[in-house]
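Asks: below are the sequence and a predicted model; questions follow.
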Amino acid sequence: HEKTYSYPLDIKLKFENKRVTVAFGERDGVCIGHVLLAVNGQPLSYDKLPDGRNVFDFLEERENFPVNLKFGRAKITTNEKIVLASMFYPLYALAVQLSPDQGSSGILELVTDTFKLNSSQTLTGVKFIVVADLKQSGIDQLLEKIYELYADYALKNPFYSLEMPIRADLFEQNLQVAIDQIEKTGFI
Amino acid sequence: MTIHNLYIFDRHGNLLFYHEWVRRKHTSMSKEEEAKLLYGMIFSLKSFVNRLSPTVSKEGFLSYKTSAYRLNFFETVSKLKLILNTDTETSQSEIRELLSGIYRDIYVEYAVKSPMVVPGEMITSNLFRTKLVQYVQSSHIYKAN
């Protein structure tokens, strides 16, 4: 969502979570929660332009306008992926605790209005989590396939250390093949 | 089609109402603690889903399923939260209709419009409980047992 704005800026910005976010003034596809990604084509680092100036000061001055601003959803960083995955663990366990019926497992499927999440746990407690489109079928087979690939290309790999991120080309290649197959045909 | 239990929370996380139909496993904590734990879990799930979503979502978290039950979540614009645990087979769209019906026909009629109900405190009205149980038990989901 890139647009040119004139002074004064209608959209109210705030600095939150190390990012410049839209606090008020939703219009033209720019929603609350969107992050300011670039000013005049130059990407922002936290709240500073590449030349070091603070973006809030920059947007206060009339002579800097008209300015081209790009808004969008914040990109998810690798760190955040790790945080989110770790957040899933206790939620998975809580589902067992709060169960109204005997013998419940953890969260196997999570449905929202924009995506669904499927998870599968092995006997050793390793969890595989797939985030997919609501209409995607065959995810249970995909999860089983990924377990096979993990056993073959990660665990049997002499250069792979347990508990570390997997950096095996064969794993990623075969994973991509499995994903392409399921996206095209709906089953493996 | 089994309906296990229902929780109603207000926007601040206070438990307003609880009713159970079929529950074979209880937690070892008090009702208040269990409610707080459940509310905390829902809160974390909502923010988890919001962050993970590929596009800006309107309703966010809707339900989750385990091997034994499905937890269905319904939130109104005024942040009133209805949580219903059912079995895993019942259709989600039917449950959604049931939940919105519970809000529209029971909560609004017998809780919001009742002069005896204090916001933020548990609903003690017997009429509310009777009407709710009647509504749920006359629904298509409950009958298909």
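Replies: Right, received. Where do you want to start?

Asks: ok, the residue of chain A most remote from its centre to residue A:149 distance?
Replies: In chain A, the residue that sits farthest from the middle, by Cα atoms, centre = their mean, is residue A:63; the gap is 37.2 Å. Separation of residue A:63 from residue A:149 (Cβ to Cβ, to the nearest Å): 57 Å. For every residue, glycine as well, the C-beta is placed using N, CA and C.

Asks: can you give me the buried ones in stretch B:65-72?
Replies: Within stretch B:65-72, the residues scored as buried using 16 or more other Cβ atoms under 10 Å in any protein chain shown are B:65, B:66, B:68, B:69, B:70, B:71, B:72.

Asks: who are the contact partners of the last one?
Replies: Contacts for residue B:72 were tallied using Cβ atoms under 8 Å, 6 or more residues apart in numbering or on different chains; they are B:62, B:63, B:83, B:84, B:85, B:86, B:92, B:95, B:96, B:99.

Asks: repeat for the third one
Replies: Taking Cβ under 8 Å, 6+ apart as the criterion, residue B:68 is in contact with A:99, A:101, A:102, A:103, A:104, A:105, B:88.

Asks: buried subset of those residues, written for ChimeraX?
Replies: Filtering these down to the buried ones (16+ other Cβ under 10 Å) takes a single ChimeraX command:
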select /A:99,101,104,105
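
Asks: related to what we said a few turns ago, from the buried residues of stretch B:65-72, which is closest to residue B:38?
Replies: residue B:71 (8.9 Å; Cβ to Cβ).

Asks: okay, the residue lying closest to residue B:39 once chain neighbours are set aside: pLDDT?
Replies: Once flanking residues are discounted, residue B:39 sits nearest to residue B:13: 4.6 Å by Cβ to Cβ, 6 or more residues apart in numbering or on different chains. Looking at residue B:13, its pLDDT is 93.

Asks: kindly check the end-to-end length of stretch A:158-174 for me.
Replies: One end of stretch A:158-174 sits 18 Å from the other (Cα to Cα, to the nearest Å).

Asks: which residues does the longest helix along chain B contact?
Replies: Criterion DSSP state H: the longest helix present in chain B is helix B:31-52. With contacts defined as Cβ under 8 Å, 6+ apart, helix B:31-52 is touched by A:76, A:80, A:84, A:87-88, A:90-91, A:94-95, A:97-98, A:110, A:112, A:115, A:117, A:131, B:7, B:9, B:13, B:15, B:18, B:27, B:29, B:57, B:60-61, B:64, B:73, B:81, B:83.

Asks: where does the residue most central in space within chain B sit: helix, strand or coil?
Replies: The centroid of chain B falls nearest to residue B:83 when counting by Cα atoms, centre = their mean (2.1 Å). Following DSSP: H, G, I helix; E, B strand; the rest coil, residue B:83 is assigned to strand.

Asks: give me the beta-bridge partners of the nearest residue to it once chain neighbours are set aside?
Replies: Spatially, and ignoring its direct neighbours in sequence, residue B:83 is nearest to residue B:7 (4.4 Å; Cβ to Cβ, 6+ apart). In this entry, residue B:7 is beta-bridged to residue B:18, residue B:83, by DSSP bridges.

Asks: how much space between residue B:7 and residue B:18?
Replies: Distance from residue B:7 to residue B:18, by Cβ to Cβ: 5 Å.

Asks: repeat that for residue B:78.
Replies: For residue B:78, the distance to residue B:18 - Cβ to Cβ - is 20 Å.

Asks: neighbour count for the two, which is higher?
Replies: Higher neighbour count among residue B:78 and residue B:18: residue B:18, with 17 against 9, using other Cβ atoms under 10 Å in any protein chain shown.

Asks: contact partners for the more buried one?
Replies: B:5, B:6, B:7, B:8, B:31, B:35.

Asks: now pLDDT and neighbour count too, for these, in TSV please.
Replies: Below are the contacts of residue B:18 laid out as TSV (pLDDT from 0 to 100; neighbours: other Cβ atoms under 10 Å in any protein chain shown):
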residue	pLDDT	neighbour count
B:5	92	16
B:6	95	22
B:7	96	23
B:8	95	26
B:31	91	13
B:35	94	21
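
Asks: what would the residues you listed look like in TSV with distance to residue A:177?
Replies: As requested, the contacts of residue B:18 are exported to TSV (distance: Cβ to Cβ, whole Å):
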residue	distance to residue A:177
B:5	44
B:6	45
B:7	44
B:8	48
B:31	51
B:35	47
